[in-house]
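>>> model this:
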Amino acid sequence: MIINGKKISNELDASMKKEVLSLKAKGIEPKLVVILVGDDPASQIYVRNKHRKAIKLGIKSIVDRRSKTFSQNELLDLIDTYNRDESVHGILVQLPLPKQIDETAIIRAIAAAKDVDGFRPENVGKLFANSKEHYPVSCTPKGIMTMLDYYHIDPKGQHAVIVGDSNIVGRPMGALLLNAGATVTYTHILTKNLSEFTRTADILVVATGVAHLIKGSDVKPGATVIDVGMDRDENGKLVGDVDFEAAQHVAGAITPVPGGVGPMTITTLMQQTLELTKAANRRQLQTVR
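Here you go, the predicted model:
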């Protein structure tokens with residue numbers, strides 16, 4: 001089974017578009033601010049795609065572009081301005097940042113109630129504590145959980161193996177699966193005898209940035225394989241961290257690259273923008289009802 005992230009994304013977009021119209025009818029306009037510092041080519045593409053998606057859904061989107069010489073103090077002041085602006089519901093600072101800026105300090109400067117990326121320590125802590133509150137979670141892992149649910153793949157009682165230890169994907173992915181009842185094993189590119197772990201996975205999530213790291217022989221027959229990689233092969237073709245051609249004959253379900261995880265990341269960002277909007281206006285929404 002091919003897990004079609006693009007199809008899921010399109011269905012969710014249609015639903016969100018209606019939700020945005022409903023909020024606007026009640027005098028509430030969802031608003032997302034993306035701050036882009038510098039001229040990193042990949043970041044330019046990511047920010048453009050986020051902006052286009054927001055506009056398509058009717059979400060007010062502000063892209064605040066700053067030069068690569070923008071200082072950390074200037075960026076902190078800018079974030080503070082948006083934190084205080086009640087019309088702004090989500091704030092995202094596109095990573096990576098220029099070397100003169102401390103990413104950790106910037107992430108911590110964003111108000112927890114507007115941390116649409118789910119990177120702030122308070123929100124990460126709620127995730128790892130399995131809090132039952134509503135809070136934003138890193139978008140790619142949360143999008144993957146949406147995909148699993150859509151295809152009725154229940155992590156409960158399953159052995160999930162994560163290949164990758166980043167704060168953006170690997171670590172929060174493991175926490176979400178653990179919270180969903182899976183037994184979770186964390187691995188990464190420095191793990192010795194990696195395939196010994198991956199071959200035991202009922203759910204295998206790979207996020208390393210190493211093209212075709214996982215071969216067909218590294219996959220347990222019938223496993224669900226989630227490929228988060230976005231790499232280029234020697235011919236410049238977009239490929240994943242998993243050798244799709246080989247692994248698809250072994251896996252029970254697998255995501256392609258492109259068209260798998262990628263579309264779900266931006267869709268999840270928009271979902272969380274709406275969730276933060278509703279949280280900020282809960283009293284008004286209750287009054288309207």
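
>>> so who does A105 touch?
Counting by CB atoms under 8 Å, 6 or more residues apart in numbering, A105 touches Q72, L76. C-betas here are computed from N, CA, C, even on glycine.

>>> let's go with 7 Å and repeat that
Q72 (CB atoms under 7 Å, 6 or more residues apart in numbering).

>>> for it, helix, strand, or coil?
Assigned by DSSP: H, G, I helix; E, B strand; the rest coil, the conformation of A105 is helix.

>>> if I look at it, how far off is I2?
Distance, A105 to I2, using CB to CB, to the nearest Å: 42 Å.

>>> try L238
To I2, L238 is 16 Å away according to CB to CB.

>>> do T268 as well
According to CB to CB, T268 and I2 sit 20 Å apart.

>>> more neighbours, the two?
Here T268 and I2 are compared on neighbour count by other CB atoms under 10 Å; more neighbours surround T268, at 25 against 15.

>>> which SSE is that one in?
If you go by DSSP states H and E, T268 is part of helix 261-280.

>>> Also V161?
Counting by DSSP H and E, V161 is part of strand 159-163.

>>> avg pLDDT for that strand?
Across strand 159-163, the average pLDDT comes to 98.

>>> From the contact counts, what lies against it?
When contacts are defined as 3 or more CB pairs under 7 Å, 6 or more residues apart in numbering; DSSP states H and E, strand 159-163 sits against helix 170-179, strand 183-187, helix 194-198, strand 203-206.

>>> if we go to 6 Å?
Here strand 159-163 touches helix 170-179, strand 183-187, strand 203-206, going by 3 or more CB pairs under 6 Å, 6 or more residues apart in numbering; DSSP states H and E.

>>> Outline the domain layout of the protein.
Domains of the chain are assigned by automatic domain parsing as 26-112, 139-262.

>>> okay, those domains, which one's buried deepest?
Highest mean neighbour count among those (mean count of other CB atoms under 10 Å): domain 139-262, with a mean of 19.

>>> Distance from the chain centre to that one, please.
14 Å (CA atoms, centre = their mean, to the nearest Å).

>>> any idea how far the nearest residue to K215 once chain neighbours are set aside is from T200?
Closest residue in space to K215, ignoring its immediate chain neighbours: D243 at 5.1 Å, by CB to CB, 6 or more residues apart in numbering. Distance of D243 to T200, given as CB to CB: 19 Å.

>>> Also L78?
With distances taken as CB to CB, L78 is found 47 Å from T200.

>>> Same question for T81.
T81 sits 50 Å away from T200, going by CB to CB.

>>> what about the strands in this structure?
Remark: strands assigned in the chain by DSSP state E are 31-37, 60-66, 90-93, 159-163, 183-187, 203-206, 224-227, 231-232, 238-239, 253-254.
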